[in-house]
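Trainee: Dropping a prediction and its sequence here:
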Amino acid sequence: MSNITLNVTGMSCNHCVKSVEEAVKNAGASGQVDLVAGTVAVEYDEQKVNVDQIKAAIEDQGYDVV
């Protein structure tokens, strides 16, 4: 398993947290959002999903990964 922390802009409430965490889950990874820091800590299996797919899933929800 690999870990990465992504900076995500546009999150402002608990709904945003749930949207981002669900997007990461649907991409095939697990994530935990830190709303104050504007980050999501992601754990993923490199053989099943890559970072670009995870970023795309978050961006599809309307947030920016920087």
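Mentor: Sure, I can see it.

Trainee: Just the pLDDT for the most far-flung residue of the chain relative to its centre.
Mentor: For the chain, the residue at maximal distance from the C-alpha centroid (Cα atoms, centre = their mean) is residue 47, at 17.7 Å. For residue 47, the model assigns a pLDDT of 96.

Trainee: Now do the same contact list for residue 31.
Mentor: Contacts for residue 31 (Cβ atoms under 8 Å, 6 or more residues apart in numbering) come out as 20, 21, 24, 25, 40, 41, 42, 43, 54. For every residue, glycine as well, the C-beta is placed using N, CA and C.

Trainee: Cross-reference those with the helices and report the matches.
Mentor: Using DSSP state H, 20, 21, 24, 25, 54 are the members of the contacts of residue 31 that sit in helices.

Trainee: With respect to residue 2, which of those is nearest?
Mentor: Comparing those against residue 2 with Cβ to Cβ picks out residue 54 as the nearest, at 10.6 Å.

Trainee: What does the closest residue to the closest one other than its chain neighbours show for phi and psi?
Mentor: Among residues not flanking residue 54 along the chain, residue 27 sits closest, at 4.9 Å (Cβ to Cβ, 6 or more residues apart in numbering). Note on residue 27: backbone dihedrals following degrees, to the nearest 10 are phi -80, psi -10.

Trainee: So how do I select the buried members of the ones in helices among the contacts of residue 31 in ChimeraX?
Mentor: Buried subset of the ones in helices among the contacts of residue 31, written as a ChimeraX selection, criterion 16 or more other Cβ atoms under 10 Å:
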select :20,21,24,54
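
Trainee: Right, I'll leave it there.
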